[in-house]
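Novice: based on what follows, work out the 3D shape:
(2 chains)
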Amino acid sequence: MDYNRLADLLFPDVTLYPEDMEKRYPERSLPEGAKVTRIAPSPTGFFHFGGLFPATVGERLAHQSGGVFYLRIEDTDSKREVEGAAEFITKILDYYGLHFDEGVTADGDKGDYGPYTQSQRVGIYHVYAKQLVRDGRAYPVFSTDEELDELKAADKKAEIKSVNWEEEAEARREAMLARRQFTMEQVEAELAAGHRFALFAAADGDPEKKLKVTDLVKGTLEIPENDEDVVLLKSDGIPTYHFAHAVDDHLMRTTHVIRGEEWLPSLSKHLMLFRYLGFRAPKYMHIAQLMRLDENGNKKKLSKRDMGANLDDYRRMGYSVKAVNEYVMTLLNSNYEEWHMQNPDKDREEFPFSVKKMSASGCLFDIEKLNDVSKNVISRMTASEVYDGVLAYAETEDPEFYETLAADRAYAEKILSIGRGGNKPRKDFAVWADVKPYMSFFYDKYFTREDEMPADRDRADIVKALLGFLETYDSRDDQNTWFEKCKDIAESIGYARETKLYRKEPEKYRGHVGDVASFIRVAVTGRMNSPDLYEVINILGEDRMRQRILDETELLK
RNA sequence: GGCCCGUUGGUCAAGAGGUUAAGACACGGCCCUUUCACGGCUGUAACAGCAGUUCGAAUCUGCUACGGGUCACCA
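Specialist: Numbering: from 1, shown residues only, chains lettered A, B, ... in the order given. Purely as a prediction, here's the structure:
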């Protein structure tokens, strides 16, 4: 067979050669050891939470080494493409603090190795496709539209459990061998009839022979050589992932391909393609998948449908970017947490991220741990930072609360300052959504009496204590004086001045000072629990405090 | 089913031939405390199994079991 002629027949419009591409996209001049990484999502309008892992690793590796981190959009599957998805991706990645040096951005492509959207690179793929035909490594397969439809319909077959794998494999093999048989005349006839073709790479591997590959996280892998022909170009001329991966990562000079371990089974194909194309293969890192527990208690890959799979959900649930990022980092390098405790003031960028520390096995997503990380993150923020965080969250998720907060920043910050700072800060919030119920009683329009007065205390005592409090209250008192007065009130109604005294001899008293504090707390906040009462009253102001206590005593009568 | 990957407490995990097998989360107890949220102390709990190598194995090898991934003109 005259492969040169076949190549011209198949790709009459392609006039460039691989050498031209090499010239157009030369080796990058970067410092020794600099890594070039990328993330390459499909524009489906959905960004998987798990996608944050390879993205974070790529970002850290590139920027830790003075290299390049870029974003490439893999839109080779038009069926799954969603309008505006690329924009959504750039937005959400930016939101999560992943900053790119190159690639698709909100204002178009940035960088010398573009275009960075695969659908705009078809001409480039065809140059290499034509070369592979010339080399006798790739061949066309013609299909009519009906046959194509059938293929698509057959997709579901793989989902049916009762596949006879042996028969299936044999049939596949036979079909493959049959496809490889064709004559130039047949090709000419098909072309003349206007039929479209898919381009396949003929596999030359022997699965009995193993290939030793080093994966930076999995270690040394032994994978069988590839003996399955690989689809390079689909009938519409668009490349498959496999082909685009080889061409793009070579031309964009990616040094490290970081992706999920679901790609491991096709690694053999990719390595073959790199060899056919005469490219040096990049270093690979296959990252273990994030898992969830199914109803039988087995681990399952966290898939699109699962709760918590959508990265954007975390924003909606009110997790801060920092918390999510720290959680991810904790899972990626488990010594991060320890490092962070020892270096509380240092930024995540300063952490010596290590590939060696990464786990080869998939871990379970643990919302409890995320919450803990998140509480710590928020507890370290200033009141002003918390305010900004809540405000940004409420703007989209709770517009009414947003208005309330925005109306008086100083007031909200005062509330958020309670118990903040110092080395034992309060840890009340795991998510921004926790803030509203926490501070609601500070706003008259949200104030409700949620908890009752303690049932085991005398109503008349309560009223006496409350009125006594109003009588002696002086807003100029410091906390100590204020609480001494509470003790006086306790004593005046036959309660113990100290809680300890009461515990020792409960029969001697009708209650204790803690009860008095509770009465005031319930009257003022409507709850049994609240942050520091003295500060709460100071922030609320004397007038509102008096009004609420008066209202409460009315209710008790 | 073939192929590949994985397996240390409930979860995330240190650990790289000799350790009382870290730590964090969760859970329990005690303490602190005017409630809550913190904080301190403390407890329960693990090397999947079996062989082999070795004076000695969580660490090396093999097998088994279990779990996961994957087998598209999807990525």
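Novice: burial count for A:Asn4?
Specialist: A:Asn4 has 13 neighbours, counted by other Cβ atoms under 10 Å. Every residue, glycine included, has its C-beta placed from N, CA and C.
Novice: so where do the strands sit in the stretch 101-250 of chain A?
Specialist: A:102-105, A:108-110, A:138-143, A:196-201, A:210-215, A:219-224, A:230-233 (DSSP state E, counting those that start in this stretch).
Novice: most packed of the ones you listed?
Specialist: strand A:230-233 (a mean of 23; mean count of other Cβ atoms under 10 Å).
Novice: identify all contacting residues around that strand.
Specialist: Contact with strand A:230-233 is made by A:125-126, A:129, A:132, A:138, A:198-201, A:203, A:239-240, A:242-243, A:269, A:272-273, as judged by Cβ atoms under 8 Å, 6 or more residues apart in numbering.
Novice: which of those residues are close to RNA strand B?
Specialist: Checking these against RNA strand B by Cβ under 7 Å from any atom of the strand, the ones in range are A:Ala198, A:Thr240.
Novice: which of the contacts of strand A:230-233 count as buried?
Specialist: Buried members of the contacts of strand A:230-233, counted by 16 or more other Cβ atoms under 10 Å: A:125-126, A:129, A:132, A:138, A:198-201, A:203, A:239-240, A:242-243, A:269, A:272-273.
Novice: wait, doesn't A:Pro282 sit right on A:Val257?
Specialist: Yes. Contact criterion Cβ atoms under 8 Å: A:Pro282 and A:Val257 qualify, at 4.8 Å.
Novice: intersection of neighbour lists for these two?
Specialist: Contact with both A:Pro282 and A:Val257 is made by residues A:Asp249, according to Cβ under 8 Å, 6+ apart.
Novice: so who does A:Ile415 touch?
Specialist: Applying Cβ under 8 Å, 6+ apart, the residues near A:Ile415 are A:Met439, A:Phe442, A:Ile539.
Novice: ranges for the helices of the stretch 251-400 of chain A?
Specialist: Under the criterion DSSP state H, counting those that start in this stretch, the stretch 251-400 of chain A contains helices at A:267-277, A:311-317, A:321-332, A:336-342, A:367-379, A:383-397, A:399-407.
Novice: ok, of these, where does mean pLDDT dip lowest?
Specialist: Lowest mean pLDDT within the helices of the stretch 251-400 of chain A: helix A:336-342, at a mean of 88.
Novice: which residues does that helix contact?
Specialist: For helix A:336-342, contacts defined as Cβ under 8 Å, 6+ apart pick out A:Glu326, A:Met329, A:Thr330, A:Lys346, A:Phe351, A:Pro352.
Novice: how about stretch A:304-316?
Specialist: Stretch A:304-316 has contacts (Cβ under 8 Å, 6+ apart) with A:46-52, A:92, A:95-96, A:292, A:302-303, A:324, A:365, A:367, A:393, A:396-397.
Novice: would you mark the buried spots in it?
Specialist: Buried residues in stretch A:304-316, counting neighbours by 16+ other Cβ under 10 Å, are found at A:Asp306, A:Ala309, A:Asn310, A:Leu311, A:Tyr314, A:Arg315.
Novice: and for stretch A:512-527?
Specialist: Of the residues in stretch A:512-527, A:512-526 count as buried by neighbour count, 16+ other Cβ under 10 Å.
Novice: ok, is it in contact with RNA strand B or not?
Specialist: Yes. Using Cβ under 7 Å from any atom of the strand, we find that stretch A:512-527 touches RNA strand B at A:Val513, A:Gly514, A:Ala517, A:Ser518, A:Arg521.
Novice: average pLDDT across that stretch?
Specialist: pLDDT averaged over stretch A:512-527 gives 95.
Novice: what's the closest of the residues of stretch A:512-527 next to RNA strand B to A:Pro18?
Specialist: Taking Cβ to Cβ as the measure, A:Pro18 lies nearest A:Arg521 of the residues of stretch A:512-527 next to RNA strand B, at 76.8 Å.
Novice: test my guess that that closest one contacts A:Asp532.
Specialist: No. Shown here, A:Arg521 and A:Asp532 do not form a contact pair, counting by Cβ under 8 Å, at 10.2 Å.
Novice: next structured bit after the helix or strand harbouring A:Glu19?
Specialist: Remark: A:Glu19 resides in helix A:18-24, with elements defined by DSSP states H and E. Counting by DSSP H and E, the next helix or strand C-terminal to helix A:18-24 is strand A:36-39.
Novice: tell me what that next one is packed against?
Specialist: Helices and strands touching strand A:36-39, by 3 or more Cβ pairs under 8 Å, 6 or more residues apart in numbering; DSSP states H and E, are helix A:52-64, strand A:68-71, strand A:256-260.
Novice: try 7 Å
Specialist: For strand A:36-39, the packing partners by 3 or more Cβ pairs under 7 Å, 6 or more residues apart in numbering; DSSP states H and E come out as helix A:52-64, strand A:68-71.
Novice: can you put those in a markdown table and add mean neighbour count and mean pLDDT?
Specialist: Converted to a markdown table, the helices and strands packed on strand A:36-39 look like this (neighbours: other Cβ atoms under 10 Å; pLDDT from 0 to 100):
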| stretch | mean neighbour count | mean pLDDT |
| --- | --- | --- |
| helix A:52-64 | 23 | 95 |
| strand A:68-71 | 24 | 97 |
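Novice: let me know which of the ones you listed is the nearest to A:Lys487.
Specialist: helix A:52-64 (53.2 Å).
Novice: how about that closest one, does it reach RNA strand B?
Specialist: No. Using Cβ under 7 Å from any atom of the strand, helix A:52-64 stays clear of RNA strand B, coming no nearer than 10.4 Å.
Novice: helix or strand: which one has A:Lys436?
Specialist: Assigned by DSSP H and E, A:Lys436 belongs to helix A:435-439.
Novice: got a list of contacts for that helix?
Specialist: Residues outside helix A:435-439 that contact it (Cβ atoms under 7 Å, 6 or more residues apart in numbering) are A:Val390, A:Asp398, A:Phe401, A:Ile415, A:Asp428, A:Phe429.
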